[in-house]
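>>> Coordinates for the following, if possible.
(one chain, ligands or ions: 1)
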Amino acid sequence: MARGSRLARLAALGLLGVLTLTGCEMPNNEFWRFGWPEGITEQATEMRQLWTGSVIAALIVGIIVWSLIGYSVVRHRKRGDELPRQTAYNLPLEIGLTVLPFIIIAGLFFFTVVTQNKVMERSADPDETIEVNAFKWNWEFVYPETEGQDGQPVSTVGTSTDIPILVVPTERTIRFQVVSADVIHSFWVPEFLFKLDVIPGNENGRDNVFEVTVQKEGAYVGRCAELCGTYHAYMNFEVRAVSGEDYDAYLAAREEGLNTYDALESIGQPGEAGTTTPLDLAQNKNADQQRSAGD
Ligand SMILES: [Cu+2]
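Below you'll find the model as predicted:
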């Protein structure tokens, strides 16, 4: 039994190592995601692989533990009044049961750090840089490498009636520089599986920058994820991921003086956000009136 379980543990450890090391080969489908949401960036894929590897490792440990419990329950069930052989203070076993979990934790920690470094990695020269300005209670997106008709970089700003649309290219490294004009906000695109706090006075390029490479075209909702005041819940935006070609055409149209709506329509994209709606003050007012009329 002792030899058998030691062998099983060694085998499990080996399997765990092999599975996590070959993380990049992890299949990406509903089953192997184990409940992990589907991301649209390279960085999200890295995180998903860590999760898949961790769950498989946990399942291997679980199966071994459940088997040993099952074995003990069946093999050592009560057969009479005679006490079974009593054992205590098995030093090698106790050392093993201390060292083995430590090795497992060290392995999980190692792969977590490796993945985190990849997610937080900054390239020396990103393909695109986009400035994200957060303020109570909306967003402004600035494309600093462009120049509009007024000599200023092209930008899109949200209002209480307009959801700002953040147009990004796929298959290019995008560096986001987030800046807050007032309080702490948080830049969150659920499909990036990533959010970054936008802390005022933190514009030193050290803690307010992150990069993603978007892999899937589409429209995705973005939100503020840090309670920042009265209309925090309405501080939404839309990410519009388009091909690199369309992205260049969009920025060129903006530089020629088209607004966000017309420039989006010019590349065959809907000019308005479809994933979220602005705060409708009029509707809320009506609802309030109806409520008080009903009292
Ligand atoms: Cu906010």
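
>>> What average pLDDT does stretch 213-232 get?
For stretch 213-232, mean pLDDT is 94.

>>> Just the buried residues of that stretch, please?
213-214, 217, 219-226, 228, 232 (16 or more other C-beta atoms under 10 Å). (Glycine included, C-beta is placed from N, CA and C.)

>>> Show me what the helix or strand containing Phe109 is packed against.
Assigning secondary structure by DSSP states H and E places Phe109 in helix 91-120. Here helix 91-120 touches helix 2-21, helix 42-75, going by 3 or more C-beta pairs under 8 Å, 6 or more residues apart in numbering; DSSP states H and E.

>>> from the buried residues of stretch 213-232, which two are the most distant?
Using C-beta to C-beta, the pair of the buried residues of stretch 213-232 lying farthest apart is Glu217 and Cys228, separated by 30.2 Å.

>>> Next secondary structure after the helix holding Phe109?
strand 128-135.

>>> Could you check that following strand against the ion for contacts?
No: Strand 128-135 stays clear of the ion (C-beta under 5 Å from the ion), getting no nearer than 6.5 Å.

>>> That strand packs against which elements?
The helices and strands touching strand 128-135, judged by 3+ C-beta pairs under 8 Å, 6+ apart, are strand 138-143, strand 165-169, strand 173-180, strand 185-189.

>>> coming back round to it: by mean pLDDT, show me the worst of the helices and strands packed on helix 91-120.
Among the helices and strands packed on helix 91-120, helix 2-21 has the lowest mean pLDDT, at a mean of 56.

>>> Quick check: buried residues in stretch 265-273?
266-267, 269, 273.

>>> contacting residues around it?
163, 165, 219, 237-238, 240, 242, 246, 249-250, 253, 258, 260-262, 264 (C-beta atoms under 8 Å, 6 or more residues apart in numbering).

>>> ok, now with 6 Å
With C-beta atoms under 6 Å, 6 or more residues apart in numbering as the test, stretch 265-273 has contacts from 163, 165, 238, 246, 249-250, 253, 261, 264.

>>> Could I have the CA atoms of that stretch written out in CSV?
Written as CSV, here are the backbone C-alpha positions of stretch 265-273 (Å, rounded to 0.1, in the frame of the first residue of the first chain):
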residue,chain,number,x,y,z
GLU,A,265,-20.3,54.3,-40.8
SER,A,266,-17.6,55.0,-43.5
ILE,A,267,-15.9,51.7,-42.7
GLY,A,268,-19.2,49.8,-42.7
GLN,A,269,-19.6,49.8,-38.9
PRO,A,270,-22.6,50.9,-37.0
GLY,A,271,-22.1,54.5,-35.8
GLU,A,272,-23.7,54.0,-32.5
ALA,A,273,-23.0,51.6,-29.6
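
>>> And the average pLDDT for that stretch is what?
92.

>>> do the same with stretch 118-132
Here the average pLDDT along stretch 118-132 is 93.

>>> Return the set of residues that bridge with Arg223.
Trp188, Asn236 (DSSP bridges).

>>> Hmm, Asn236 and it touching each other?
Yes: in this structure, Arg223 is within contact of Asn236 by C-beta atoms under 6 Å, at 5.4 Å.

>>> what does the stretch 151-295 of the chain put close to the ion?
185, 224, 228, 232, 235.

>>> Show me the two of those residues that sit farthest apart.
Maximum distance among those (C-beta to C-beta): 8.4 Å, for His185 and His232.

>>> hang on, the earlier thing: pipe the helices and strands packed on strand 128-135 into CSV and attach distance to Asp197, mean neighbour count and mean pLDDT per row.
Compiled in CSV, those are given as follows (distance: least, C-beta to C-beta, whole Å; neighbours: other C-beta atoms under 10 Å; pLDDT from 0 to 100):
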stretch, distance to Asp197, mean neighbour count, mean pLDDT
strand 138-143, 14, 21, 96
strand 165-169, 18, 24, 96
strand 173-180, 8, 20, 94
strand 185-189, 5, 25, 96
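
>>> Turn the ones you listed into TSV, columns for distance to Asn202.
Below are the helices and strands packed on strand 128-135 laid out as TSV (distance: least, C-beta to C-beta, whole Å):
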stretch	distance to Asn202
strand 138-143	17
strand 165-169	20
strand 173-180	8
strand 185-189	11
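
>>> any idea how far Ala58 is from the spatially most central residue of the chain?
For the chain, the residue nearest the mean C-alpha position is Leu193 (1.3 Å; C-alpha atoms, centre = their mean). Leu193 sits 20 Å away from Ala58, going by C-beta to C-beta, to the nearest Å.
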